[in-house]
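> with the input below, show me the fold.
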Amino acid sequence: MLVYSATKQKFIDDVRSNRISDVIENEVSRRLNRNSPRSEVASWDNSLRFMMSALLDQSIPASAGVAIEYNIPLTNRRVDFILTGKNHKRDDTAIIVELKQWQYVEVTQKDAIVRTPLGGSVRETNHPSYQAWSYGALIEDYNETVRFESIRLVPCAYLHNMKQAEAINDPFYEHHTRRAPVFISQDALKLSKFLSQHIRYGDSNNIMYRIEHGVIKPSKSLADAVASMMRGKAEFLMIDEQKLVYETAIDLAHRATSDNKQCLIVKGGPGTGKSVVAINLLVELTNREMMTQYVSRNSAPREVFKQKLTGAHKKTHIDNLFKGSGSYVNAEPNTFHALIVDEAHRLNEKSGMYQNLGESQIKEIIAASRLSVFFIDEAQRVTLKDVGTVEEIRRRAADCGIDVQELELASQFRCNGSDGYLAWLDHALQIRTTTNTNLDDIDYDFQVFDDPSAMRQEIFEKNRKANKARMVAGYCWPWSSKKDKQTMDIVFPEHDFAAQWNLDDDGMLWAVAEESVNQVGCIHTCQGLEFDYVGVIIGDDFVIRDGRVVTDAGKRAGQDRSVHGYRKMLKEQPDHARAVADQIIKNTYRTLMTRGQKGCYIFAKDLETREYFAAFARPQAATQQLDAPGDSYILDGLHLPTVTRDQAVPFKHHVPVYDLSIAAGEFSTMQSAEAEYWVELPDFMRVSSDLFVSRVVGESMNRRIPNGSWCLFRANPGGTRQGKVVVVQHRAIEDPDHGGSFTIKLYQSEKIEEYGELVNQRVVLKPQTNAFGYKDIVLEDELEDLRVIGEFLSVL
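Numbering: from 1, shown residues only. Predicted coordinates for the structure are as follows:
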């Protein structure tokens with residue numbers, strides 16, 4: 001999502017007219033559904049005036065593009081300022097500028113970390129050069145359009161209030177300042193020169209629009225990447241607080257001794273990268289020959305990681321790296337350099353099958369290691385025996401005479417990077433009151449189903465692509481199939497739905513087992529793991545009555561150990577028992593409903609509960625029909641204002657929508673007039689008479705154009721077509737997706753010289769797909785009949 005986009009000249013005019021902060025504030029309110037703090041508004045006013053001054057250099061073209069507050073895909077991180085255009089080679093270029101109002105910094109001994117006043121105190125944070133570079137690297141990593149269309153990303157940082165450059169440009173940070181130069185107050189002219197060196201020509205190709213609407217590659221799964229991480233490959237780029245946590249832990253590991261033990265608590269919600277940082281620390285400290293182990297109470301993530309490492313490492317080596325939290329009852333003090341505890345909120349008081357060994361898992365872990373790192377999210381405590389809290393860790397550390405450092409992860413990488421979805425979920429589950437009272441403008445696929453069979457079918461469909469969609473449920477149905485393999489556990493006869501809990505044969509590997517999409521998992525088999533899509537069945541332990549959440553631990557299955565001891569507690573301390581159980585049940589569904597990176601689908605057994613969640617859900621694109629002329633979004637899946645032919649202002653406000661199977665020929669005024677629907681492009685896109693919109697159907701280009709996507713094209717493009725994605729027509733073409741004589745493919749040609757001119761000898765139309773069965777279309781005969789109908793510009 002992009003908050004502000006304009007030409008350089010329009011941006012300068014907005015700043016000079018003192019309206020830039022108002023424009024951005026209004027867009028933040030409209031697009032992000034939040035109010036902007038006064039400090040944020042003041043920072044826009046201040047920093048953007050400095051950027052305007054830098055852009056006054058006349059060698060920077062007036063038609064260059066300016067983008068402000070660009071949301072990096074799949075995260076909640078935003079880029080301050082981007083300047084787009086073409087460099088001296090006419091390559092599409094985007095300069096990423098990280099803006100800071102800092103006045104001074106201090107050098108640290110941690111890679112890419114500086115100290116500066118933040119929030120009323122001097123704190124450690126990322127060096128702005130590293131931050132700018134990491135944001136650019138993230139965009140390039142996630143956005144396939146940037147890579148495939150060779151859009152150059154150039155990072156830099158501008159600290160316009162800083163007078164002294166010695167610390168920020170200290171040789172210790174040279175590796176980062178080389179990749180992303182940093183400019184201070186006195187470097188204003190240097191910044192202008194830097195910008196003009198990389199942006200020589202204006203943005204004639206809608207670069208920022210293509211980036212914003214580019215094809216986003218699937219998110220990497222930690223489980224899938226763990227093997228290559230153990231071999232030393234940096235699979236996940238650590239940004240912002242993740243980098244600070246990582247470098248702090250490395251520093252503490254080197255400082256820690258038997259007489260100077262260290263303890264680090266890292267707080268973070270779902271998807272903030274706790275497990276990613278934990279595994280990175282395990283790899284790095286192990287490579288530095290420090291005896292380190294990854295510790296978790298829940299065995300599911302451990303077993304999944306071990307399974308992914310099988311074959312790449314010896315079993316004994318793997319087993320020595322991943323341990324349960326009860327492994328340190330009899331450990332000698334300071335045996336380990338570091339113990340890295342993931343999901344520390346799940347730690348128990350005692351260990352052993354009967355919870356009768358040791359005194360405290362937290363105390364035992366602290367005692368057994370010189371450095372103990374606890375990654376924790378107290379809102380994911382889901383059993384009565386979970387004692388992992390920040391307060392308890394601090395208490396146990398104090399008993400051992402150890403000082404504790406505390407850091408927090410905030411960068412969101414799950415739920416499509418949407419902080420709004422997480423805040424709404426807390427509001428909807430009535431965990432806490434937030435301002436996110438609906439799902440408006442939240443970019444996350446949340447749907448409520450009236451039929452569990454329909455939800456299961458949707459999960460099946462989502463699972464076909466990468467085996468990363470699963471169904472889960474609250475533990476409200478007995479696990480009868482554990483003894484009788486033919487018995488169905490979760491049954492809704494009125495919906496013709498029957499399913500089993502996760503198979504006992506899969507154990508804690510249910511989340512990655514090949515056929516486990518057919519079963520339903522529970523909190524114990526999915527906590528600490530993630531999927532692309534998750535379907536959640538809500539049982540009678542969580543219902544809505546007159547708009548209020550009512551929880552009942554008595555509705556949980558008798559086999560559910562998470563509420564073991566509840567009935568006894570209910571007799572002895574009824575109010576306390578209900579309060580604790582209420583928190584556990586809400587935390588359970590919060591955890592289940594945040595397992596999906598891209599989407600969460602729910603079915604509630606209780607009708608009133610279904611209706612409660614359905615009231616929050618936005619209408620899905622699938623409900624929009626072509627025959628709804630009163631709706632401004634009348635084309636299925638095209639989320640741009642659309643009008644009929646009679647309502648259009650052709651090529652001033654609107655461009656035509658074509659059915660390529662009909663319009664595959666020379667585009668003409670007559671055909672334009674016959675277009676039934678016309679689309680209004682965003683304000684920052686220049687409407688011209690050669691643009692049109694069409695839908696691409698099929699999987700032959702799915703690496704760049706997802707099946708069913710609405711796309712923007714330029715009709716009858718001139719110049720070279722080499723290496724571009726184009727719509728072509730030829731009598732010898734029989735497209736594998738629709739059988740027509742036209743196709744959309746990557747164009748490559750081989751030319752020879754005839755009579756002083758270069759002519760095509762052979763044209764190869766290449767699919768770009770991860771699907772099977774697609775081959776190059778090779779044309780060698782009658783190439784003079786080959787027509788290039790349009791050039792693909794972007795997915796809308």
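> flag every buried residue along stretch 598-616.
By neighbour count with 16 or more other Cβ atoms under 10 Å, stretch 598-616 contains the buried residues 598-606, 609-610, 612-613, 616. Just so you know, the C-beta spots here come from the backbone N, C-alpha and C atoms, and that holds for glycine as well.
> swap that for stretch 724-737, please
724-730, 733, 735, 737.
> tell me the SS of Ile365?
Recorded secondary structure, Ile365: helix (DSSP: H, G, I helix; E, B strand; the rest coil).
> that one reaches Tyr294, doesn't it?
No - at 11.9 Å, Ile365 does not count as touching Tyr294 under the criterion of Cβ atoms under 8 Å.
> who's more crowded, the two?
Ile365 (28 against 22; other Cβ atoms under 10 Å).
> gap between that one and Ser296?
11 Å (Cβ to Cβ, to the nearest Å).
> now the common contact residues for those two.
Residues touching both Ile365 and Ser296 by Cβ atoms under 8 Å, 6 or more residues apart in numbering: 325, 341.
> neighbours of Ser700, how many?
Neighbour number of Ser700 under other Cβ under 10 Å is 26.
> thought it was touching Pro767?
Yes - counting by Cβ under 8 Å, Ser700 does reach Pro767; the two are 4.2 Å apart.
> just to revisit the earlier point, just the ones of the buried residues of stretch 598-616 in helices?
Secondary structure assignment (DSSP state H) places 609-610, 612-613 from the buried residues of stretch 598-616 within helices.
> okay, those residues in JSON lines with distance to Thr93 next?
JSON lines is the format used below for those (distance: Cβ to Cβ, whole Å):
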{"residue": "Thr609", "distance to Thr93": "52"}
{"residue": "Arg610", "distance to Thr93": "50"}
{"residue": "Tyr612", "distance to Thr93": "49"}
{"residue": "Phe613", "distance to Thr93": "45"}
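> of those residues, which is the nearest to Lys308?
Phe613 (34.2 Å; Cβ to Cβ).
> okay, the closest one: pLDDT?
Phe613 carries a pLDDT value of 94.
> how about Ile634?
pLDDT, read off for Ile634, is 65.
> out of the ones in helices among the buried residues of stretch 598-616, which is nearest to Val534?
Looking across these and measuring by Cβ to Cβ, the closest to Val534 is Phe613, at 14.4 Å.
> residues contacting stretch 89-96, please?
Residues contacting stretch 89-96 (Cβ under 8 Å, 6+ apart): 79, 81-87, 132, 135-136, 139, 149-156, 195, 198-199, 201, 205, 207-208, 211.
> which of those residues count as buried?
79, 81-87, 132, 135-136, 139, 149, 151-156, 195, 198-199, 205, 207-208, 211.
> so which residues of the stretch 601-750 of the chain form helices?
Taking DSSP state H, counting those that start in this stretch, the helices of the stretch 601-750 of the chain run over residues 607-614, 660-663, 669-674.
> helices or strands next to the first one in the packing?
Right, the one you point to is helix 607-614. When contacts are defined as 3 or more Cβ pairs under 8 Å, 6 or more residues apart in numbering; DSSP states H and E, helix 607-614 sits against strand 445-448, strand 542-545, strand 596-604.
> distance to Asn463 and mean pLDDT added to these, as JSON lines?
Shown next, in JSON lines, are these (distance: least, Cβ to Cβ, whole Å; pLDDT from 0 to 100):
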{"stretch": "strand 445-448", "distance to Asn463": "14", "mean pLDDT": "92"}
{"stretch": "strand 542-545", "distance to Asn463": "25", "mean pLDDT": "95"}
{"stretch": "strand 596-604", "distance to Asn463": "12", "mean pLDDT": "93"}
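> out of the ones you listed, the one nearest Ala499 is which?
Closest approach to Ala499 among these (Cβ to Cβ): strand 596-604, 11.4 Å.
> what's the end-to-end length of stretch 480-497?
16 Å (Cα to Cα, to the nearest Å).
> hang on, the earlier thing: joint contacts of Ser700 and Pro767?
In contact with both Ser700 and Pro767: 745, 774, using Cβ under 8 Å, 6+ apart.
> and this protein, what are its domains?
2-212, 222-409, 415-618, 625-795 (automatic domain parsing).
> got the helices and strands packed on helix 607-614 as CSV, with distance to Thr551 columns?
Below are the helices and strands packed on helix 607-614 laid out as CSV (distance: least, Cβ to Cβ, whole Å):
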stretch, distance to Thr551
strand 445-448, 19
strand 542-545, 6
strand 596-604, 13
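> ok, which of those strands comes nearest Tyr104?
Once the helices and strands packed on helix 607-614 are compared by Cβ to Cβ, strand 596-604 is nearest, at 39.5 Å.
> who does that closest one touch, helix- and strand-wise?
strand 445-448, helix 452-466, strand 531-538, helix 607-614.
> contacting residues around the helix or strand following the second one?
The C-terminal neighbour of helix 452-466 among helices and strands, as given by DSSP states H and E, is strand 469-473. With contact meaning Cβ under 8 Å, 6+ apart, strand 469-473 is reached by 455-456, 459-460, 462-463, 490, 499, 511, 516-517, 519-523, 526, 531-539, 592, 595.
> any idea how far the residue nearest to Ser516 when sequence neighbours are not counted lies from Ala137?
The spatial neighbour of Ser516 that comes closest, neighbours along the chain excluded (Cβ to Cβ, 6 or more residues apart in numbering), is Trp510 at 4.9 Å. According to Cβ to Cβ, Trp510 stands 34 Å off from Ala137.
> those two: which has the busier surroundings?
Higher neighbour count among Trp510 and Ala137: Trp510, with 26 against 15, using other Cβ under 10 Å.
> and the pLDDT at the more buried one?
Trp510 carries a pLDDT value of 86.
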